[in-house]
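**Q** Give the three-dimensional model of this entry:
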Amino acid sequence: MRQAKYYDKEEEEQQDELDHRIAAVRTACNNCATGGWKGLVTATGFFFTLTLINFIGQAWSIINITDIVPT
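**A** The predicted structure follows:
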């Protein structure tokens with residue numbers, strides 16, 4: 001009878017360790033995901049930055065062209 005309890009306790013410890021590993025992996029995967037509101041905010045900021053750089057580049061080109069070409 002003691003052996004059965006010992007094995008049950010050992011199996012329970014192994015199951016607990018497995019549960020902890022699964023929880024750790026799930027947490028790590030959730031932190032790496034790009035979905036959700038954080039992903040949307042990041043993508044929006046990235047595209048806004050690209051648009052701003054493009055706009056500044058075009059404005060700078062217009063300024064340089066008007067300085068070179070006499071009116």
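
**Q** What is the neighbour count of Gly57?
**A** 10 (other C-beta atoms under 10 Å). The C-beta positions use only the backbone N, C-alpha and C, and glycine is treated the same way.

**Q** Just the pLDDT at it, thanks.
**A** pLDDT recorded at Gly57 is 86.

**Q** for the one 3 residues further on, same thing?
**A** Per-residue confidence (pLDDT) for Trp60: 80.

**Q** Please apply the same query to the one 4 residues further on.
**A** Listed pLDDT for Asn64 reads 73.

**Q** shaky segments in this protein?
**A** Counting by pLDDT under 70, the ranges of the chain that qualify are 1-7, 28-35, 65-71.

**Q** need the helices for it, in chain order.
**A** Counting by DSSP state H, the chain has helices at residues 2-32, 36-68.

**Q** domain ranges for the chain?
**A** Using automatic domain parsing, the domain parsing of the chain gives 1-33, 35-71.

**Q** Counting neighbours, what do you get for Trp39?
**A** Just so we're on the same page, residue 39 is Gly rather than Trp. 11.

**Q** Sorry, slip of the keys, the one I care about is Val25.
**A** When neighbours are defined as other C-beta under 10 Å, Val25 has 10 of them.

**Q** Now do it against Lys9, distance only.
**A** Between Val25 and Lys9 the computed distance is 25 Å (C-beta to C-beta, to the nearest Å).

**Q** try Asn64
**A** 78 Å.

**Q** Compute the distance between Glu12 and Trp37, please.
**A** According to C-beta to C-beta, Glu12 stands 39 Å off from Trp37.
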